[in-house]
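> Quick one, fold the following:
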Amino acid sequence: MDSPRQDPIAQIEQAVIALRHSRPRGSGGPWLRGGPHAGEHPLRGRGPHDRSMGGAARFRLLAALRERDGLSVSEIAALIGVDQPRASRLVNDSAERGLVTRRADERDARRSVVELTALGRSILSTTTESRRTAVADAMAGFSDEEAATFAALLGRFVESWTRREP
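Purely as a prediction, here's the structure:
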């Protein structure tokens, strides 16, 4: 994230993704612990996002498969930061939605591998483009220098934030 030649929009996008996924599952972040929103609906603090696709973990699953198809559920769990049972549920649900396929590994029939379908690839592409457009729109009033400075500062903030103990 500290590459000065990287596109600031991409840097900001990656920083926001990292920040969003840095908090422990269900914690709501430090701003919601014991505050006035404690005990409300489990999606509190997440905004009006469409959860019909299963949230961020599903997109991390699809993104992991875009980078390397043919992963096992255990490999997926490690890559997307969930436990193996959660990864298995995500894979099963994604397969029911037609986003991934599951098949026996040709080298080891006891192991199954998961692959991204054309529909999964399309949804991931659309979502990624939508996120990038949203970041670019938010940065529209920034000069190139301001965008680069903001990206660098946000990157440093996220790096520090994700290293702290919950």
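
> Low-confidence ranges, the protein, go.
By pLDDT under 70, the weakly predicted segments of the chain are 1-5, 20-54, 164-166.

> State the three-state secondary structure for the residue nearest to residue 95 when sequence neighbours are not counted.
Nearest residue to residue 95, sequence neighbours excluded (C-beta to C-beta, 6 or more residues apart in numbering): residue 102, at 5.4 Å. C-beta coordinates here come from the backbone N, C-alpha and C atoms, glycine included. Secondary structure for residue 102, judged by DSSP: H, G, I helix; E, B strand; the rest coil, is strand.

> ok, residue 102 - how many residues close by?
14 (other C-beta atoms under 10 Å).

> Show me which residues of stretch 100-119 are buried.
100, 101, 113, 114, 116, 117 (16 or more other C-beta atoms under 10 Å).

> ugh, wrong one, I meant stretch 156-166
Buried residues in stretch 156-166 (16+ other C-beta under 10 Å): residue 158.

> just how off-centre is that stretch within its chain?
17 Å (C-alpha atoms, centre = their mean, to the nearest Å).

> How about stretch 102-114?
Between the centre of stretch 102-114 and the centre of its chain there are 26 Å (C-alpha atoms, centre = their mean).

> which residues sit against that stretch?
65, 69-73, 76, 91-92, 95, 100-101, 115 (C-beta atoms under 8 Å, 6 or more residues apart in numbering).

> Please, where are all the helices along this structure?
Using DSSP state H, the helices of the chain run over 8-20, 56-67, 73-80, 84-96, 118-138, 144-163.

> Dump the ones you listed into JSON lines; add distance to residue 108 as well.
Formatted as JSON lines, those follow (distance: least, C-beta to C-beta, whole Å):
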{"stretch": "helix 8-20", "distance to residue 108": "33"}
{"stretch": "helix 56-67", "distance to residue 108": "19"}
{"stretch": "helix 73-80", "distance to residue 108": "13"}
{"stretch": "helix 84-96", "distance to residue 108": "17"}
{"stretch": "helix 118-138", "distance to residue 108": "24"}
{"stretch": "helix 144-163", "distance to residue 108": "35"}
